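K.L.:
Predicted structure and sequence below. I'll ask about it afterward.
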Amino acid sequence: QVQLVESGGGLVQAGGSLRLSCVVSGRTFSNYAMGWFRQAPGKEREFVARIRWSGGNTYYADSVKGRFTISRDNAKNTVYLQMNSLKPEDTAVYYCAADSVAYRRDISSTSGYGYWGQGTQVTVST
């Protein structure tokens with residue numbers, strides 16, 4: 001049984017930082033890629049960042065490039081999202097997701113990710 005469990009969300013002032021964690025369990029993810037998505041109220045779920053377990057290649061949405069960093073700790077089966085210089089528009093529920101296809105053309109589509117966590121709320125105040 002595959003499980004993805006996010007943590008680290010919370011309330012932070014604009015300009016502040018948070019680090020989200022996603023612990024994965026239930027199978028070996030060495031050939032997978034992991035992604036972070038977010039969904040604000042009334043909006044569609046959108047791609048934030050992606051990393052391959054093997055090799056560590058990273059990809060970011062333009063809206064977070066230079067502010068967010070995705071990383072992974074293979075020994076701990078954990079993926080992180082370090083979020084700096086947070087803005088009110090970053091407020092959303094953040095989801096961790098796993099893609100069994102490490103190399104994919106459209107990495108931003110939710111349909112490519114077969115496993116999802118329950119989400120963690122991030123609120124950025126002005």
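P.N.:
Okay, I see it.

K.L.:
residue ranges with poor pLDDT in this protein?
P.N.:
Regions of the chain meeting the criterion pLDDT under 70 are absent.

K.L.:
Tell me the secondary structure at the most centrally placed residue in the chain.
P.N.:
Nearest residue to the geometric centre of the chain (CA atoms, centre = their mean): W36, 2.0 Å. Assigned with DSSP: H, G, I helix; E, B strand; the rest coil, W36 falls in the strand class.

K.L.:
List of residues touching stretch 55-71?
P.N.:
34, 36, 46-51, 72, 79-86, 89-90, 107-108 (CB atoms under 8 Å, 6 or more residues apart in numbering). Bear in mind the C-beta positions are built from the backbone N, C-alpha and C, glycine included.

K.L.:
again, only this time at 6 Å
P.N.:
F47, V48, A49, R50, I51, Y80, L81, Q82, M83, N84, S85, I107 (CB atoms under 6 Å, 6 or more residues apart in numbering).

K.L.:
Look up which residues are beta-bridged to the first one.
P.N.:
I take that to be F47. F37 (DSSP bridges).

K.L.:
Which parts of the chain are strands?
P.N.:
Using DSSP state E, the strands found in the chain span residues 3-7, 10-13, 18-25, 33-39, 46-52, 58-60, 68-73, 78-83, 92-99, 115-116, 120-125.
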